[in-house]
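Peer 1: sharing a model that was predicted from the sequence below.
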Amino acid sequence: MSHTPPSSTSTPPRNEAKERRRVMLSSYLGTTVEFYDFLLYGTAASLVFPHLFFTEMTPLAGTIASFATLAAGYFARPIGGLVFGHFGDRIGRKNMLVITLLIMGISSFVIGLLPTTEVIGMWAPILLVTLRLIQGFAVGGEWAGAALMSMEHAKPKGRGFAASMASSGGPSGAVLATVVLTAFSLLPEEDFLTWGWRVPFLLSAILVVFALVMRLRISESPEFAEAQRIQKTERGDAPTQTPIMMVLRRYPVQTLTAIAGGLAPLFLQSLLATFMLTYSVTVGHTRTEALTIVTIASAVHIITIPAFAALSDRLGRKPVMVTGAALGIVLVWPLFQLVSDGSWWTLLLAFLIGNPLVQGMMYGPMAAWLSEKFATDARYTGVSLSYQVSSTLGAGLAPLAAAALLAVGGGTDPIYIVFLFMALCVVSGLAYLFSSETSDIALSHTTGVIPVQKSRKKAPVSR
């Protein structure tokens with residue numbers, strides 16, 4: 001099928017460039033707000049919730065229970081991914097992103113108002129888990145939609161960089177969450193545990209309004225609009241498969257490799273954002289030191305994610321991501337040794353190795369790597385499903401698994417955590433290695449339809 005030339009009424013190139021920048025900014029700000037809310041819960045699960053919602057347990061059991069509620073949000077993410085992915089592939093990306101933002105903002109605000117176990121007994125942890133599930137449902141549709149909006153507006157040579165704007169929102173939200181929570185943690189401990197921890201959750205309402213205004217101003221994805229046009233022209237009113245059936249029947253191998261590829265980077269990201277805070281305090285660092293270092297490392301991470309994504313636009317997705325997995329295997333044990341050293345500087349170095357370098361090399365190109373595996377009419381569903389399943393298995397279980405494995409190691413020896421991460425790096429590295437290179441292929445608009453855009457390669461069924 002030949003490409004239809006733009007009509008005289010098409011948007012001028014200058015306005016197209018302006019719209020691309022606006023969409024990337026909207027994706028970045030939206031995911032920043034959503035991950036601020038989502039990751040704020042993770043930090044609070046490490047520092048606050050064991051003392052307020054699981055008070056009848058031992059400190060270690062309370063921490064494990066708190067991390068279990070954290071994991072609950074991750075288990076809701078695939079459901080959210082399927083729901084928002086389905087409607088995002090059928091009626092458009094933009095509306096779904098507005099809805100996810102509203103759901104996340106409301107649920108986070110309510111967490112800030114939630115009474116503790118001392119006030120309402122067992123209803124407190126039950127309501128906490130319920131709100132966490134709602135958070136997970138919302139964020140399940142956020143990341144993929146934001147990544148697709150940026151990538152589908154981008155030029156072919158800049159897809160990796162554009163899609164990474166959604167990924168950069170993760171550490172940006174972490175920085176914002178950690179800065180705000182750290183500021184309030186400087187309060188006397190009684191005040192912090194009584195009301196100080198609530199304010200960061202309540203502030204999310206302001207952030208949501210700001211991001212919502214940005215999202216309402218952007219246009220729908222041109223790739224999605226073109227896919228709709230092709231589908232109507234070539235298929236007419238003939239019934240089509242649901243997006244999830246397209247993904248499962250047309251892209252089973254791509255989906256499995258996509259899930260495997262997300263395990264190591266998402267496990268490491270969650271491990272450093274949650275469990276490592278508690279572990280750092282256990283080996284002698286103060287809570288303020290740990291939070292400060294997480295903030296610094298996350299700030300650097302904001303830069304390295306798009307940097308490695310841009311590098312993948314030039315070198316290809318595979319070389320960058322495989323290198324990241326290999327470095328993860330080599331550096332994870334030294335990383336834990338640096339944390340245990342007791343020095344502020346070695347702790348900082350450990351976090352810089354973990355997220356900006358190792359995780360950044362795998363995670364930076366990931367949004368484009370996942371998106372390029374699926375055609376436009378099933379892309380939202382395919383990316384959401386694969387990313388959220390690997391997020392549930394990798395990130396969701398990371399703090400819980402790490403706490404349990406540390407207990408097996410006597411409470412101080414992280415060797416079993418190291419072995420687990422090495423194994424995940426092997427799995428993810430093999431997924432990158434045996435996947436087709438997709439940075440230089442055309443995007444398919446509809447499943448089974450030849451791509452419109454010319455490419456240096458024939459449109460493959462990528463692995």
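Peer 2: Looks like it came in fine. Numbers count the residues shown, from 1 in each chain.

Peer 1: pLDDT below threshold where in this structure?
Peer 2: Low-confidence segments of the chain (pLDDT under 70): 1-14, 57-58, 60, 235-239, 444-463.

Peer 1: in it, which helix is the longest?
Peer 2: Criterion DSSP state H: the longest helix present in the chain is helix 13-47.

Peer 1: C-terminal to that one, what's the next element?
Peer 2: For helix 13-47, the following helix or strand on the C-terminal side (DSSP states H and E) is helix 49-52.

Peer 1: pull out the buried positions in whichever helix or strand comes after that next one.
Peer 2: Once helix 49-52 ends, the next helix or strand along the chain (criterion: DSSP H and E) is helix 59-91. Residues of helix 59-91 classed as buried by neighbour count (16 or more other CB atoms under 10 Å): 62-90. C-beta coordinates here come from the backbone N, C-alpha and C atoms, glycine included.

Peer 1: so for the longest helix of the chain, what gets flagged as buried?
Peer 2: By 16+ other CB under 10 Å, the buried positions in helix 13-47 come out as 19-20, 23-24, 26-47.

Peer 1: who touches the closest residue to Ser164 other than its chain neighbours in this structure?
Peer 2: Excluding the flanking residues, the one nearest Ser164 by CB to CB, 6 or more residues apart in numbering is Ala309, at 3.5 Å. Ala309 makes contacts with Gly160, Phe161, Ala163, Ser164, Ser167, Gly364, Pro365, Ala367, Ala368, as judged by CB atoms under 8 Å, 6 or more residues apart in numbering.

Peer 1: any idea how far Phe201 is from the closest residue to Leu29 other than its chain neighbours?
Peer 2: Among residues not flanking Leu29 along the chain, Ala211 sits closest, at 4.8 Å (CB to CB, 6+ apart). Ala211 sits 16 Å away from Phe201, going by CB to CB, to the nearest Å.

Peer 1: ditto for Ile293
Peer 2: The gap separating Ile293 from Phe201 is 23 Å, by CB to CB.

Peer 1: same question, Ser107
Peer 2: 10 Å.

Peer 1: repeat for Pro265
Peer 2: 27 Å.

Peer 1: of these two, who's got more company?
Peer 2: Remark: of Pro265 and Phe201, Pro265 carries more neighbours, 30 against 25, as counted by other CB atoms under 10 Å.

Peer 1: now do the helices in the stretch 51-200 of the chain.
Peer 2: 59-91, 93-111, 117-120, 123-153, 159-185, 189-191, 198-202 (DSSP state H, counting those that start in this stretch).

Peer 1: ignore what I typed, I meant the stretch 201-350 of the chain.
Peer 2: Going by DSSP H, counting those that start in this stretch, the stretch 201-350 of the chain shows helices at 204-217, 222-235, 243-250, 252-270, 276-282, 287-315, 317-340, 344-352.

Peer 1: which one of the ones you listed lies nearest to Ala407?
Peer 2: helix 276-282 (11.6 Å; CB to CB).

Peer 1: using PDB, write out the CA atom coordinates for that closest one.
Peer 2: The C-alpha trace of helix 276-282 is given here as PDB (Å, rounded to 0.1, in the frame of the first residue of the first chain):
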ATOM      1  CA  MET A 276      17.000  -0.700  49.600                       C
ATOM      2  CA  LEU A 277      15.700   2.100  51.800                       C
ATOM      3  CA  THR A 278      15.000  -0.300  54.600                       C
ATOM      4  CA  TYR A 279      18.200  -2.300  54.000                       C
ATOM      5  CA  SER A 280      20.300   0.900  54.000                       C
ATOM      6  CA  VAL A 281      19.000   1.800  57.400                       C
ATOM      7  CA  THR A 282      19.600  -1.700  58.600                       C
END
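
Peer 1: off-centre distance for it?
Peer 2: How far helix 276-282 lies from its chain's middle: 23 Å, per CA atoms, centre = their mean, to the nearest Å.

Peer 1: so what does that helix touch, helix or strand wise?
Peer 2: With contacts taken as 3 or more CB pairs under 8 Å, 6 or more residues apart in numbering; DSSP states H and E, helix 276-282 sits against helix 13-47, helix 287-315, helix 317-340, helix 398-408.

Peer 1: related to what we said a few turns ago, with neighbour count added, can I get the contacts of Ala309 in CSV?
Peer 2: CSV is the format used below for the contacts of Ala309 (neighbours: other CB atoms under 10 Å):
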residue, neighbour count
Gly160, 30
Phe161, 26
Ala163, 32
Ser164, 31
Ser167, 31
Gly364, 32
Pro365, 35
Ala367, 31
Ala368, 27
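
Peer 1: from the residues you listed, pick the one nearest Pro115.
Peer 2: Distance to Pro115 across those (CB to CB) is lowest for Ser167, with 35.7 Å.

Peer 1: ok, that closest one to Ala367 distance?
Peer 2: Per CB to CB, Ser167 is found 5 Å from Ala367.

Peer 1: any residues in contact with both of those two?
Peer 2: Trp143, Ala147, Ala309.

Peer 1: separation between the second one and Ala309?
Peer 2: Using CB to CB, we find Ala147 at a distance of 11 Å from Ala309.

Peer 1: overlap in contacts, the two.
Peer 2: Ala163, Ser167, Ala367, Ala368.

Peer 1: what is the most widely separated pair among these?
Peer 2: Across the shared contacts of Ala147 and Ala309 (CB to CB), the longest gap, 9.5 Å, separates Ser167 and Ala368.

Peer 1: what do the two both touch?
Peer 2: Joint contacts of Ser167 and Ala368 (CB under 8 Å, 6+ apart) are Ala147, Ala309.

Peer 1: how many residues are close by Tyr380?
Peer 2: With other CB under 10 Å as criterion, Tyr380 counts 32.

Peer 1: who touches the closest residue to it other than its chain neighbours in this structure?
Peer 2: Once flanking residues are discounted, Tyr380 sits nearest to Gly88: 3.7 Å by CB to CB, 6+ apart. Neighbour list for Gly88: Met96, Gly141, Ala144, Gly145, Leu148, Tyr380, Thr381, Ser384 [criterion: CB under 8 Å, 6+ apart].
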